[in-house]
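# Predicted structure and sequence below. I'll ask about it afterward.
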Amino acid sequence: MKYIIVGAVAGGASTAARLRRMDEHAEIIIFEKGEYISYANCGLPYYIGNVIKDRNKLFVQTASSFNQRFNIDVRVMTEVISINTDKKTITAKNQTTGDVYEESYDKLVLSPGAEPIRPPLPGITNEGIFTLRNVADTDYIKSYVERKNVKKAVVIGAGFIGLEMAESLHGLGLQVTIVEMGNQILAPVDFPIAAIVQQHIRSKAVDLRLSSAVTSFTKEDEQLKVHLKTGDVLDADVVILSIGVKPDTRLAVSAGLKIGDAKGIWVNEFLQTSNENIYAVGDAIEFKNPITEQSMITYLAGPANKQGRICANNIVLGNVQKYNGAINTAIVKVFNMTVATAGTASKHLTTANIKHIVSTTHNGSHAGYYPGAKQMSIQIAFSPEDGRLYSAQIAGFDGVDKRIDILSSAIKRNSTIYELIEFEHAYAPPYSSAKDPINMVGFVAENILLKRLNVFYWNEMNKITADDVLLDVRTAAEFSKGNIETAINIPVDEIRNRLNEIDKNKQIYIYCEAGLRGYLAQRILKQNGFDKVSNLSGGYYLWNTCNKEINYAIDTIKPLNEKLVLA
């Protein structure tokens with residue numbers, strides 16, 4: 001058998017290696033249009049920022065080591081330019097020599113990846129404007145920053161790579177501005193979690209500009225000028241474009257393969273394309289989302305590597321293993337903070353018309369009495385019918401990674417919030433609490449499902465009228481430092497003795513700092529004849545954080561509107 005793989009990074013390299021392990025005697029050729037194979041894409045920003053100092057550590061394998069270990073013909077700097085599905089041949093071009101030739105195949109695997117989006121903005125070809133997708137890009141950026149004595153950087157796009165680049169450039173001592181067209185960072189997460197991280201970014205003296213679109217670039221006296229739709233002009237010595245990627249489907253389209261609704265290469269459950277002799281993996285393919293059942297593309301190394309293994313099994317053994325899709329579990333370090341996500345965000349569940357409940361909790365990363373415990377905020381979305389877990393998002397400083405992995409496992413298995421209640425974790429004070437944050441998430445969600453806890457949300461304050469009671473159950477000292485307008489303060493520890501101060505006939509909205517004391521107050525009131533009681537999910541902390549970000553946006557946009565009116 002003769003196998004050809006197009007693309008030699010995560011998906012392609014893992015497919016090739018697995019094929020060899022499954023079939024020692026097959027002829028395997030892997031084509032890579034770039035100079036390098038099997039490198040760590042996710043490590044590129046950290047190399048630019050000198051966190052990873054040794055460039056060689058970015059390479060899992062070289063072409064020669066891959067060939068030596070797996071007996072695979074690796075052809076770098078060689079682009080496959082066409083596929084003849086009738087003849088079962090590909091046409092390749094050696095980019096060094098210019099030679100063009102054909103190779104036949106029995107089975108072909110496409111792993112072309114994705115390419116950065118580079119909109120046709122005026123001035124976008126100016127020197128000093130970069131995208132980051134491969135090793136060559138990394139080398140150009142790193143060299144440019146060092147040679148040009150760069151002081152100011154503008155990062156356009158606040159996705160995972162954009163934030164990593166912003167942190168890396170900030171770590172080099174650069175003055176950094178992040179420009180994002182959307183109203184929040186990190187599109188896969190919901191606004192409340194994004195707001196927490198945005199506050200952290202601003203605390204690092206990074207100029208974060210949301211709801212800001214770039215219209216053009218100019219250059220004056222070697223200084224780049226980034227023009228925004230708001231009318232502002234930003235000075236920059238270097239610009240990083242990180243506004244997203246799109247699947248590279250050019251080869252598939254020219255070969256007549258089916259392209260799906262999400263504009264990726266369509267594959268079936270066995271990762272087989274519309275041509276029975278061609279399979280595809282990685283960033284270029286689309287598949288059914290396990291939660292929404294809508295077509296999706298994922299640009300993550302983890303799923304690509306797993307797809308490679310499954311693909312090779314199916315090629316050799318004959319479609320024996322199904323690919324069950326990905327739930328886009330991802331994590332990113334943003335300065336001192338970590339933010340992670342798994343599953344389908346509440347906003348996307350709403351768009352897909354999937355009914356769900358959202359719950360937000362705040363807990364310490366380990367036992368509070370052991371030094372160094374840090375707060376983490378966990379938001380989940382789950383089914384109001386059976387408690388099936390749809391998504392989880394976490395922002396915190398320590399222990400975020402292990403909690404998102406636990407929650408991701410439950411989401412991927414279509415499990416429910418009830419599993420979280422009984423989740424058995426390794427407990428010692430330096431690592432967790434006797435009731436881990438995972439357990440607490442489950443407890444709160446169960447209380448909501450069983451109607452022991454009624455919740456309202458940070459963005460629902462407008463439904464509270466003058467006829468309702470807004471009750472702050474924090475201490476008087478906490479209340480005096482900041483509160484929600486119109487709230488009255490009765491600390492939870494005093495509430496049993498002050499029930500006569502609360503009107504039983506009114507709707508009562510309770511809040512505390514994080515949610516726990518509000519729940520306790522609600523239970524006291526409910527069992528004393530107060531029927532209409534709700535507790536603020538995520539507490540004052542989440543409400544305050546979200547409103548700070550909203551007010552920041554209003555204060556930023558207001559001068560623009562005034563400017564437009566005057567014009």
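That came in fine, so what should we check first?

# C-alpha only now, for contacts and for neighbours.
Will do.

# give me the low-pLDDT residue ranges for this structure?
Scanning the chain with the threshold set as pLDDT under 70 gives 557-567.

# residue farthest from the centroid of it?
residue 500 (48.4 Å; C-alpha atoms, centre = their mean).

# hang on, it is in a helix, isn't it?
Yes: checked against DSSP: H, G, I helix; E, B strand; the rest coil, residue 500 lies within a helix.

# give the contact list for it.
Neighbour list for residue 500: empty [criterion: C-alpha atoms under 8 Å, 6 or more residues apart in numbering].

# do you know how far it is from residue 316?
Note on residue 500: its distance to residue 316, by C-alpha to C-alpha, to the nearest Å, is 76 Å.

# the strands in the stretch 301-450 of the chain, which residues?
330-334, 337-343, 357-364, 375-382, 389-396 (DSSP state E, counting those that start in this stretch).

# quick one: the second one to strand 389-396, angle?
Angle of strand 337-343 versus strand 389-396, following axes from the mean of the first three to the mean of the last three C-alpha atoms, to 10 degrees, is 180 degrees.

# Ok, the third one next?
Counting by the same axes, to 10 degrees, strand 357-364 lies at 30 degrees to strand 389-396.

# Partner strands of strand 357-364, with direction?
When pairs are called by DSSP bridges, strand 357-364 turns out to pair with strand 375-382 (antiparallel).

# Can you show me the CA trace of the partner strand as CSV?
Provided in CSV are the C-alpha atoms of strand 375-382 (Å, rounded to 0.1, in the frame of the first residue of the first chain):
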residue,chain,number,x,y,z
GLN,A,375,-10.0,32.6,43.9
MET,A,376,-11.3,31.1,40.7
SER,A,377,-14.6,31.8,39.0
ILE,A,378,-16.4,28.9,37.4
GLN,A,379,-19.4,29.3,35.1
ILE,A,380,-21.3,26.3,33.8
ALA,A,381,-24.3,25.9,31.6
PHE,A,382,-26.6,22.8,31.9
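
# which stretches of the stretch 251-400 of the chain form helices?
In the stretch 251-400 of the chain, the helices defined using DSSP state H, counting those that start in this stretch lie at 301-317, 346-351, 400-412.

# Could you export the ones you listed as a markdown table, including distance to residue 448 and mean neighbour count?
Formatted as a markdown table, the helices of the stretch 251-400 of the chain follow (distance: least, C-alpha to C-alpha, whole Å; neighbours: other C-alpha atoms under 10 Å):
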| stretch | distance to residue 448 | mean neighbour count |
| --- | --- | --- |
| helix 301-317 | 33 | 21 |
| helix 346-351 | 17 | 15 |
| helix 400-412 | 18 | 20 |
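
# for these, which one sits closest to residue 556?
If you check each of the helices of the stretch 251-400 of the chain against residue 556 by C-alpha to C-alpha, helix 346-351 wins as the nearest, at 24.5 Å.

# Please export the C-alpha coordinates of the closest one as PDB.
C-alpha atoms of helix 346-351 as PDB (Å, rounded to 0.1, in the frame of the first residue of the first chain):
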ATOM      1  CA  SER A 346     -24.300  30.100  26.900                       C
ATOM      2  CA  LYS A 347     -24.500  32.700  24.100                       C
ATOM      3  CA  HIS A 348     -24.000  30.000  21.500                       C
ATOM      4  CA  LEU A 349     -26.500  27.700  23.200                       C
ATOM      5  CA  THR A 350     -29.000  30.500  23.000                       C
ATOM      6  CA  THR A 351     -28.300  31.000  19.300                       C
END
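
# rewinding a little: what would the strands of the stretch 301-450 of the chain look like in a markdown table with mean neighbour count?
Shown next, in a markdown table, are those (neighbours: other C-alpha atoms under 10 Å):
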| stretch | mean neighbour count |
| --- | --- |
| strand 330-334 | 19 |
| strand 337-343 | 24 |
| strand 357-364 | 22 |
| strand 375-382 | 24 |
| strand 389-396 | 29 |
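
# now the helices of the stretch 251-400 of the chain as a markdown table including distance to residue 370?
Supplementary listing: the helices of the stretch 251-400 of the chain in a markdown table, determined by distance: least, C-alpha to C-alpha, whole Å:
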| stretch | distance to residue 370 |
| --- | --- |
| helix 301-317 | 34 |
| helix 346-351 | 34 |
| helix 400-412 | 18 |
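
# For residue 493, find the nearest of these.
helix 400-412 (31.7 Å).

# Tell me how far that closest one lies from the chain's centre.
Helix 400-412 sits 14 Å away from the centroid of its parent chain (C-alpha atoms, centre = their mean, to the nearest Å).

# Same question for stretch 387-394.
With C-alpha atoms, centre = their mean as the basis, stretch 387-394 stands 14 Å off its chain's centre.

# ditto for stretch 418-437
Mean-position distance between stretch 418-437 and its chain equals 25 Å (C-alpha atoms, centre = their mean).

# Residues contacting it, please?
With contacts defined as C-alpha under 8 Å, 6+ apart, stretch 418-437 is touched by 362-371, 387, 403, 410, 438-443, 446.

# Go again with 7 Å.
Stretch 418-437 is contacted by residues 363, 365, 366, 367, 370, 438, 439, 442, 443, 446 when judged by C-alpha atoms under 7 Å, 6 or more residues apart in numbering.

# now do stretch 380-397
Here stretch 380-397 makes contact (C-alpha under 7 Å, 6+ apart) with 189, 193, 197, 291, 336-346, 355-360, 374-379, 400, 407, 411, 414-417, 449.

# Now residue 47: phi and psi?
Dihedral angles of residue 47 (phi, psi; degrees, to the nearest 10) stand at phi -70, psi -40.

# what's the neighbour count on it?
Using other C-alpha atoms under 10 Å, residue 47 has 19 other residues around it.

# Check residue 232 too.
Around residue 232 there are 12 residues (other C-alpha under 10 Å).

# that older thread, for residue 213, find the nearest of the helices of the stretch 251-400 of the chain.
From these, taking C-alpha to C-alpha, the stretch that ends up closest is helix 346-351, at 22.1 Å.

# picking up where we left off before, buried ones from the contacts of stretch 418-437, can you make that a ChimeraX selection?
Only the buried entries of the contacts of stretch 418-437 go into this ChimeraX selection, using 16 or more other C-alpha atoms under 10 Å:
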select :363,365,366,367,438,439,442,443,446
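
# what about the closest residue to residue 72 other than its chain neighbours, distance to residue 318?
Nearest in space to residue 72, with sequence neighbours left out and distances taken as C-alpha to C-alpha, 6 or more residues apart in numbering, is residue 28 at 5.4 Å. Distance, residue 28 to residue 318, using C-alpha to C-alpha: 17 Å.

# again, but for residue 438
Counting by C-alpha to C-alpha - residue 438 and residue 318 are separated by 40 Å.

# And residue 26, by the same measure?
Going from residue 26 to residue 318 by C-alpha to C-alpha gives 15 Å.

# These two: which is more packed in?
Taking other C-alpha under 10 Å, residue 26 and residue 318 do not tie; residue 26 has more neighbours (15 against 11).

# Run a quick check on that one versus residue 16, I expect a contact.
No: contact criterion C-alpha atoms under 7 Å: residue 26 and residue 16 do not qualify, at 10.8 Å.

# residues contacting residue 488?
Residues near residue 488 by C-alpha under 7 Å, 6+ apart: 470, 471, 472.

# so is the first one in a helix, a strand, or just coil?
Same thing as residue 470. For residue 470, the assignment made with three-state DSSP gives strand.

# Show me what it bridges to in the sheet.
Taking DSSP bridges, one finds residue 509 as the beta-bridge partners of residue 470.
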